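Student: Sequence and predicted structure are below.
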Amino acid sequence: MLRINLFVFILTAIAYLIGIYFFPFMLTSRDVLHQVWVISGVVTWILMTEAIVIAARPSWIERVSGEPLGKLMQAHKTLGWWMVGFAFIHFLAPFVRDIITSFYPVVEVPMMEEHAIHGFWSGVWVYSHPIAGLTGILVSLYMLSVIWRDIKHAKKKISWPKWEKAHLMWAWMYIFLAFHALRTLKETELMMPLGWVTTIAAILGIWASVNIIRGRKGSAMRYDGALDSIKADGGVLRLDVKTELADTIGPGRFVYLSRPGDKEDSHPFAVAGADKKTGLLTFWIKEAGEWTKNLASMKAGDTIYVEGPWGAFFPKFIPGKTAAWVAGGAGIAPFLGWMEELKRDKAAGKPVPSITLWWSVKNRSEGGFERVETLCRELGIDLRVHETGENHDHLEPETVLAEHPATLAVCGRPGLTKAFKAAWKGAPENLTSEVY
């Protein structure tokens, strides 16, 4: 994502410089203010466009970005907060202008320019400018309430359905702000490369916003599926879903699951197994929220939609060296998928790499524990179970890394993943991580 942003913002900077080369601005209070608005506004607009497009999950997003969707969704949050920061600068542009002009004195001129009106369409163009400005102000004020609900959700003070409904408003705000972004540029700016960049971003973002509003996120990657079986095991549901996606998907991938009539967005789950012969995808899903709890009421044959494949959780192996796998709770799911793949490789006569699997769980009654033990025993994987207990005694990176593994793969909550990434001193390419 960093490479794409560098390219986009270098391109945008060049477009801006071309514009002011052909149409230089005056060192007046009005023109300096306009430049502050333009720079902060275009940066905000591009960041918002990127966040909206990622949220829409178009089929080409991983290919174009060069990043798996899991990392893009983390970047989505970062882009959102950067967007909020630049939007704040944009909103306070007059104060920023005053700071600039305190160092570089400029000619004071009236805030508003006089425009001659020649006919109906000329009048529409002139009067649409203040309307666009007012639209930006009103949407920005409403944006504060949505940001407040995002913060409350991050602190777990608002339910998922309520937050999701509020978060959907970003797509609506984008559509209204498209009018503001395009109309507040001058005619000369719209004709120049900066106007082209802004317009292309608007077209792309509006397309993504409409798909989000229509509930068509990731629709190009969606397959019909049918529930084959469901079984509860220690607070975890094992789902077997029959879908044509099982023919092409491999370990290390995740999909979004949804049901007909769902009012909330689809939910991401790692693939814990894929059987091409039976056409079944297996999922181990922890009963956490209302949606996952309601899965237990489904019956064999019920329709379930499968969107994917997404992600690229591909642990590294070095011949003759030991790989460390670290799973936090339900983060065991992608490792189950990999163990199923290694089991097929073993049956085909291929050697099984040396692996130590560290599984951090509350206790050994964790759902799927028996399956994990069985697979590890069959494959010769060294299983180390870390019980956190009621005191949440977390697995420390130093404990795992003291054995000097050649490669490391981590899947767990953000805190666990972040801690292991920070502690890893080996080659970056030998570290694989995923957040669930």
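Tutor: Perfect, thanks for sending it.
Student: Helices of the stretch 201-350 of the chain, start to end?
Tutor: For the stretch 201-350 of the chain, the helices defined by DSSP state H, counting those that start in this stretch cover 290-294, 333-347.
Student: Out of those, which gets the lowest mean score?
Tutor: Per-stretch mean pLDDT for these is lowest at helix 290-294 (a mean of 82).
Student: Packing partners of that helix?
Tutor: helix 160-167 (3 or more Cβ pairs under 8 Å, 6 or more residues apart in numbering; DSSP states H and E). To be clear about C-beta, it is placed using only N, CA and C from the backbone, and glycine gets the same treatment.
Student: The helix it packs on packs against which elements?
Tutor: Packing partners of helix 160-167 (3+ Cβ pairs under 8 Å, 6+ apart): helix 120-154, helix 290-294.
Student: I'd like the ones you listed laid out as JSON lines, including mean neighbour count and distance to Ala323.
Tutor: Shown next, in JSON lines, are the helices and strands packed on helix 160-167 (neighbours: other Cβ atoms under 10 Å; distance: least, Cβ to Cβ, whole Å):
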{"stretch": "helix 120-154", "mean neighbour count": "14", "distance to Ala323": "33"}
{"stretch": "helix 290-294", "mean neighbour count": "14", "distance to Ala323": "30"}
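Student: Next, format the helices of the stretch 201-350 of the chain as a markdown table and append distance to Gln35.
Tutor: Below are the helices of the stretch 201-350 of the chain laid out as a markdown table (distance: least, Cβ to Cβ, whole Å):
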| stretch | distance to Gln35 |
| --- | --- |
| helix 290-294 | 48 |
| helix 333-347 | 49 |
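Student: Of those, flag the one that's most buried.
Tutor: Neighbour counts (mean count of other Cβ atoms under 10 Å) averaged over each of those peak at helix 333-347, with a mean of 20.
Student: Give the other helices and strands that the helix or strand following that one contacts.
Tutor: Next helix or strand after helix 333-347 toward the C-terminus (DSSP states H and E): strand 354-361. The elements that strand 354-361 packs onto, with contact taken as 3+ Cβ pairs under 8 Å, 6+ apart, are strand 322-328, helix 369-379, strand 382-387.
Student: Okay, buried residues for the longest one please.
Tutor: Applying a neighbour-count criterion of 16 or more other Cβ atoms under 10 Å, one finds 369, 371-372, 375-376, 379 buried in helix 369-379.
Student: Same question for the shortest one.
Tutor: By 16+ other Cβ under 10 Å, the buried positions in strand 382-387 come out as 383-386.
Student: between those residues, which is nearest Phe25?
Tutor: His386 (61.5 Å; Cβ to Cβ).
Student: For that closest one, give the beta-bridge partners.
Tutor: Beta-bridge partners recorded for His386 (DSSP bridges): Ser360.
Student: quick one, what contacts it?
Tutor: His386 makes contact with 358-361, 393, 395, 399, according to Cβ atoms under 8 Å, 6 or more residues apart in numbering.
Student: and if you look at Leu33?
Tutor: Contacts for Leu33 were tallied using Cβ under 8 Å, 6+ apart; they are 93-94, 97, 111.
Student: Those in helices, which ones?
Tutor: Taking DSSP state H, the ones among the contacts of Leu33 that sit in helices are 93-94, 97.
Student: Count the neighbours of Val197 for me.
Tutor: Close neighbours of Val197, defined as other Cβ atoms under 10 Å, add up to 19.
Student: Please pick the buried ones from the contacts of Leu33.
Tutor: Buried members of the contacts of Leu33, scored by 16+ other Cβ under 10 Å, are 93, 97.
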